[in-house]
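*Asks:* The following block contains a protein sequence and its predicted model.
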Amino acid sequence: MPVSVANLSATFGATIGQNGCAGIYPAMLATMVAPTMGIDPLNPSFIAGLVGIIAISSFGVAGVGGGATFAALIVLPAMGFPIALVALLISIEPLIDMARTALNVNGAMSSWRPEQAREKYSRRRTRRGGGPGVCAGCQS
């Protein structure tokens, strides 16, 4: 992964919130409710509106347990949908929350590059007098 992409994703992810809590869960609920309201969830204008509302509303959602419920309570009324579905899903919320937490942790881990650690380690060894791949104490 290029350094510029990793830096942007880490900064953007920390600013906007967690992927599972602020993005996936409200989008999933809105997509499930849309057909009951007579809206086609595959309509490009619905998808664009949903993505826009989720992006804006996710600025205020913390990546904590139960934060996705509050994110859904922001997105559903903004789309003109009823919020009764959130009350129905609250009983199984801990199970859904485990999957969201796995997604959030995976997103945070993917912004780290193992190459950065190797480059840092190589520079440190080079400054001590050893060349790349040669430790300073092992020179003959």
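*Replies:* Arrived safely.
*Asks:* shaky segments in the protein?
*Replies:* 1, 6-20, 62-65, 104, 107-140 (pLDDT under 70).
*Asks:* Regarding it, what is its longest helix?
*Replies:* helix 93-110 (DSSP state H).
*Asks:* Packing partners of that one?
*Replies:* helix 3-16, helix 19, helix 67-79 (3 or more C-beta pairs under 8 Å, 6 or more residues apart in numbering; DSSP states H and E). C-beta here means a position set from N, CA and C on the backbone, and glycine is covered the same way.
*Asks:* Now for residue 25: which residues touch it?
*Replies:* 68, 71, 72, 96, 100 (C-beta atoms under 8 Å, 6 or more residues apart in numbering).
*Asks:* That one and residue 84, how far apart?
*Replies:* Residue 25 is 16 Å from residue 84, where distance means C-beta to C-beta, to the nearest Å.
*Asks:* Check residue 31 too.
*Replies:* According to C-beta to C-beta, residue 31 stands 16 Å off from residue 84.
*Asks:* These two: who's more crowded?
*Replies:* Higher neighbour count among residue 31 and residue 84: residue 31, with 15 against 10, using other C-beta atoms under 10 Å.
*Asks:* Can you classify the nearest residue to the more buried one once chain neighbours are set aside as helix, strand or coil?
*Replies:* Nearest residue to residue 31, sequence neighbours excluded (C-beta to C-beta, 6 or more residues apart in numbering): residue 41, at 4.6 Å. Using DSSP: H, G, I helix; E, B strand; the rest coil, the structure places residue 41 in coil.
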